[in-house]
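Novice: pasting the sequence and the predicted coordinates here, then a few questions.
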Amino acid sequence: MDLVSIARLMPKLVLLEAFGPQRMIFRLAGTEIETITGLRLMGRDHITLAAPEDRALRSRLLWGAATQPCGAVAFH
């Protein structure tokens, strides 16, 4: 894969490390994502960024994506 060919996607790229349903750590978050959220995301837990009442749903959706043999694309 030629990484230069995907350079335009980098500001929108997110990479999470899934330790389990309750812990998903940002390993990479593009500048556009961080601008939208207003947060420095690298190293933070995606689940705990949700409101407490939304964490179970976020956890279930992300864990489902992480444990399926597929990729996930989301548009904001």
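Specialist: Now that the structure is in, tell me what you want to look at.
Novice: where does pLDDT dip in the chain?
Specialist: In the predicted model, the chain carries pLDDT under 70 at residues 1, 71-76.
Novice: so which elements touch the top helix by length along it?
Specialist: In the chain, taking DSSP state H as the definition, the longest helix is helix 55-66. Using 3 or more C-beta pairs under 8 Å, 6 or more residues apart in numbering; DSSP states H and E as the contact test, the elements touching helix 55-66 are strand 14-20, strand 23-29. All C-beta atoms are positioned from the backbone trio N, CA, C, and that covers glycine.
Novice: buried ones in the first one?
Specialist: Translated: strand 14-20. Going by neighbour count (16 or more other C-beta atoms under 10 Å), the buried part of strand 14-20 is residue 16.
Novice: identify all contacting residues around that strand.
Specialist: Outside strand 14-20, the residues that touch it by C-beta atoms under 8 Å, 6 or more residues apart in numbering are 24-30, 33, 41, 46, 62-63, 66-67.
Novice: the inter-axis angle of that strand versus strand 23-29?
Specialist: Computed by axes from the mean of the first three to the mean of the last three C-alpha atoms, to 10 degrees, the angle separating strand 14-20 from strand 23-29 equals 160 degrees.
Novice: CA-only coordinates of strand 14-20 in CSV, if you can.
Specialist: Coordinates of the C-alpha atoms in strand 14-20 are reproduced here as CSV (Å, rounded to 0.1, in the frame of the first residue of the first chain):
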residue,chain,number,x,y,z
VAL,A,14,-9.3,7.1,13.9
LEU,A,15,-7.5,4.0,15.2
LEU,A,16,-8.8,2.5,18.5
GLU,A,17,-7.1,-0.4,20.4
ALA,A,18,-9.8,-2.6,21.8
PHE,A,19,-8.9,-4.2,25.1
GLY,A,20,-12.4,-5.3,25.8
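Novice: for it, which strands pair with it and how are they oriented?
Specialist: Partner strands for strand 14-20, per DSSP bridges, with pairing direction: strand 23-29 (antiparallel).
Novice: thank you, goodbye.
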